[in-house]
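[1] only geometry, no sequence info:
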């Protein structure tokens with residue numbers, strides 16, 4: 001019998017392969033620039049370059065914070081997989 005690694009009840013892999021790790025059973029709808037860059041595997045500067053209005057990744061400003069919708073990031077990845085806009 002093989003043992004599987006311990007997975008907390010709030011860690012899951014989404015259908016598109018992204019890991020979601022939260023400390024709450026409520027999934028995050030918005031990610032900070034640091035979290036979004038980490039999820040995409042790029043630097044924060046690269047994410048900034050690809051963020052609207054300079055690039056195609058939509059961002060939401062909440063106060064002084066720039067946030068990224070998990071759904072928008074997934075959509076952007078799917079568009080790129082289909083050969084969409086860079």
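    Thanks, I have it. The structure presented is a predicted model; accordingly, all values stated were derived computationally and were not measured.
[2] quick one, longest helix in the protein?
    As assigned by DSSP state H, the longest helix anywhere in the chain is helix 70-81.
[3] buried sites along that one?
    Going by neighbour count (16 or more other C-beta atoms under 10 Å), the buried part of helix 70-81 is 70, 72-73, 75-77. From N, CA and C alone the C-beta is placed, and that goes for glycine too.
[4] same question for that helix, mean pLDDT?
    Averaged across helix 70-81, pLDDT comes to 91.
[5] Report all helices and strands that that helix contacts.
    Contacts defined by 3 or more C-beta pairs under 8 Å, 6 or more residues apart in numbering; DSSP states H and E place helix 70-81 against strand 30-32, helix 33-40.
[6] who wins for proximity to residue 54 among those?
    helix 33-40 (13.7 Å; C-beta to C-beta).
[7] quick one: buried residues of the closest one?
    33, 35-37, 39-40.
[8] So which residues lie in contact with that helix, not counting its own?
    Applying C-beta atoms under 8 Å, 6 or more residues apart in numbering, the contact partners of helix 33-40 are 18, 28, 31, 43-44, 46-48, 66-68, 73, 77.
[9] Go again with 10 Å.
    Here helix 33-40 makes contact (C-beta atoms under 10 Å, 6 or more residues apart in numbering) with 18-21, 28, 30-32, 42-48, 50-51, 57, 59, 65-70, 72-74, 76-77.
[10] Between helix 70-81 and that helix, find me the angle.
    40 degrees (axes from the mean of the first three to the mean of the last three C-alpha atoms, to 10 degrees).
[11] Following the chain onward from helix 33-40, which element is next?
    Per DSSP states H and E, the first helix or strand lying C-terminal to helix 33-40 is helix 44-50.
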